[in-house]
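Novice: Could you work out the structure for the sequence below:
(4 chains)
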Number of protein chains: 2
Amino acid sequence: MARSMAAKDGEAPRTRDAEATQKRILAAAKREFSRLGLGGARVDDIAEKANANKRMIYHYFGSKEDLFKKVLEDAYQDIRAAESKLDLKGLPAETALEKLVRFTWKYYLDHPEFLTLVNSENLHKARHLKSSQNIEAINRPLHNMVQDILDRGVREGVFRSGLDEMQLNVTIAAVSYYYFTNRFTGAVVYKRDFMTEEALRARIDFNVDTILRLVRV
Amino acid sequence: MARSMAAKDGEAPRTRDAEATQKRILAAAKREFSRLGLGGARVDDIAEKANANKRMIYHYFGSKEDLFKKVLEDAYQDIRAAESKLDLKGLPAETALEKLVRFTWKYYLDHPEFLTLVNSENLHKARHLKSSQNIEAINRPLHNMVQDILDRGVREGVFRSGLDEMQLNVTIAAVSYYYFTNRFTGAVVYKRDFMTEEALRARIDFNVDTILRLVRV
DNA sequence: TTCCTATGTAACTATTTAGTTATTTAGCGG
DNA sequence: CCGCTAAATAACTAAATAGTTACATAGGAA
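Specialist: This next block holds a predicted model:
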C-alpha cells in the first residue's frame, strides 16, 4: 500500500512558512535567470534549487514570466536602495561624482546577476519592466541625485554647464557595465584576464578619470 | 498511393546549390540567434526561415552550438573587415580617433545583431569564441590600429602618453554599445525614446566628446 | 477538539525540441 | 546517357519543458 504521507522517508514534514518559501524561490530564480537568461532558465531547476515545489512557483508567482518580472523589479529596487544610502548631499561635486562612479563599479562587481538580468530584459525589449507599476518611482531618486551633483558642480565652478543628466548617467553605467558583461569575449579579444585585482583596480581608476574629464570645465 | 517526389505539390524541385543553402542558413541563424539568444533560438525556426531543411543544418554545421559559433565568428570577421576599410593611417590622431568612434557607433547602429550575439556569447562565458581558431588573427588589426593612433597622438603632442590601448578600446565600445543594448530598459528608466534621430545625434556627439577629452593632454 | 484553508508534494499532460533515419533525386563525371 | 554522390525532404524519436491536477496535511480559528 502506498504511503499516505507526502514527505520523503526519514524526513520530517516541512514546517510551513509561506514567506520563507517565496524568498527561497526568488533567490533561486535570480540565480537561474541571471545565469541562463529568461529563455535558458528552467522552472523545474528553480523549484529544485529553491528546495521547493514547482506548484509553489505557480501558486505564488503565476508564471515563469511573472517570476522573472518580480526578480527584475527586486533587482532594480536593490540597486536604487543601495544608491540612496550613499548620501552625497554634503560633499563637493567632484567628490560626490567620484563616489557615485566607484559605487556603481562596486555594485556591479558585487552583484553580477544585476547585469545579466538587465541584459536578458533588454533582449526581450524590456517588456516586463514596461508593464511594471513601481519602476518609475524606484528610479526617480537616481535622476535627482545626479542632477543635483551636476548643478552643484556648475555652481562650484568645476563642472561645465548644459550637461545632460541622462547622458552622464548612461556613460557612468556604460564604462563599468560593459567591462563586466563583456569580460569573457574581452578576455579572448585582448588576451588578458579582466578580473585580476590589478586589472580591476586599473579599470576603476580609468573610469573615474574618464567621467571626471568628461564633466570638468 | 503516396507521391514519390519529396517536393510539395505544384512546386518545382529546388535546384541544388550547397553554397547558397549554407548562406541562407547562416543568415537565418544570425537573425534568430540575435533576436532570441542561443538558448531562445529554435533550430526548426532557423531551418524554416532559411527556406531550408533542418537536416541541412546538421549536415553543414554539425550542431546548434557549432552553428552559433560560425555565426559569431562571421560577425567578428565582418566588423573587423569594416574597420580595416577605414584607412586612418594618414590622418591626424584626433581626426583618426573621432572617425573610429563614429565608425563604431554607426556599425552598432546598422548591425544591432552584432551586439546581441556578443551579449549571448558573454552569457555563455565566451566558450564558443574560446575554442575558435581564427579569432586571434581576426582581432589583431584592431589593436594595431588603435595603438597607432595613440602613438601618433603622443608624437603630435595632442594625446597624453601612457594610455592603455585596451582601456581606450573598451571605453570606445562601451559608450556606444551600452546605449544601444540597454535602450529598452533605458527608455523605461529615463522615459524617452533612445532611437529618435535627435537622440542618436546627441549621443554620438556626446561620445566623441567623451573619448577626445579622455585622451587629450 | 474540530474544521478549514493555506501550504505543500507528486504524478501527469500536451507540446516542444535537438538531433536522426529513411528516402528521394538533381546534376555531374565518365 | 548511365550511375553515383551530394543535396534535399519529411517523418520520426527520445528527452525536456511549462503548466495542471489530484491529493495530503500543518496549524490556526472557532
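Novice: so A:Ser161 sits in a helix?
Specialist: No. A:Ser161 is assigned coil when assessed by DSSP: H, G, I helix; E, B strand; the rest coil, not a helix.
Novice: where does the residue nearest to the spatial centre of chain A land in three-state SS?
Specialist: Against the mean C-alpha coordinate of chain A, by CA atoms, centre = their mean, the closest residue is A:Phe114 at 2.6 Å. A:Phe114 falls in the helix class when you classify it by three-state DSSP.
Novice: quick one: contacts for it?
Specialist: Shown in contact with A:Phe114 (CB atoms under 8 Å, 6 or more residues apart in numbering or on different chains): A:34, A:75, A:78-79, A:107-108. Where C-beta positions appear, they are placed from N, C-alpha and C, glycine not excepted.
Novice: one more time with 7 Å, if that's ok
Specialist: By CB atoms under 7 Å, 6 or more residues apart in numbering or on different chains, the contact list for A:Phe114 reads A:75, A:79, A:108.
Novice: again, but for A:Leu100
Specialist: A:86, A:88, A:172.
Novice: and it, that one's in a helix?
Specialist: Yes. Assessed with three-state DSSP, A:Leu100 lies in a helix.
Novice: quick one: it from A:Glu165, how far?
Specialist: Distance from A:Leu100 to A:Glu165, counting by CB to CB, to the nearest Å: 12 Å.
Novice: and what of A:Glu48?
Specialist: According to CB to CB, A:Glu48 stands 44 Å off from A:Glu165.
Novice: Tell me which of those two has more neighbours.
Specialist: The residue with more neighbours, out of A:Glu48 and A:Glu165, is A:Glu165; 18 against 14, by other CB atoms under 10 Å in any protein chain shown.
Novice: ok, that one touching A:Asp148?
Specialist: No. Taking contacts as CB atoms under 7 Å, A:Glu165 lies outside contact range of A:Asp148: 9.5 Å.
Novice: domains of chain A?
Specialist: Following automatic domain parsing, one finds the domains of chain A at A:16-62, A:65-215.
Novice: What is the distance between the shortest one and the centre of its chain?
Specialist: Put plainly, it is domain A:16-62. Remark: domain A:16-62 is offset 18 Å from the chain centroid, using CA atoms, centre = their mean, to the nearest Å.
Novice: Next: stretch A:197-208.
Specialist: Per CA atoms, centre = their mean, the centroid offset for stretch A:197-208 relative to its chain is 20 Å.
Novice: Burial check on A:Arg16, number of neighbours?
Specialist: Using other CB under 10 Å, the number of residues around A:Arg16 comes to 7.
Novice: Against A:Lys23, how distant is it?
Specialist: A:Arg16 is 14 Å from A:Lys23, where distance means CB to CB.
Novice: what residues are shared contacts of the two?
Specialist: Shared contacts of A:Arg16 and A:Lys23, defined by CB under 7 Å, 6+ apart, are absent.
Novice: count of residues packed around whatever residue of chain A ends up closest to DNA strand C?
Specialist: In chain A, the residue that lies nearest DNA strand C is A:Ala18 (2.7 Å; CB to the nearest atom of the strand). By other CB under 10 Å, 10 other residues sit near A:Ala18.
Novice: check contacts around A:Pro92.
Specialist: A:Glu156.
Novice: Likewise for A:Phe159?
Specialist: A:Phe159 makes contact with A:93, A:150, A:153, A:215-217, according to CB under 7 Å, 6+ apart.
Novice: at 6 Å instead, please
Specialist: Residues in contact with A:Phe159 (CB atoms under 6 Å, 6 or more residues apart in numbering or on different chains) are A:153, A:215.
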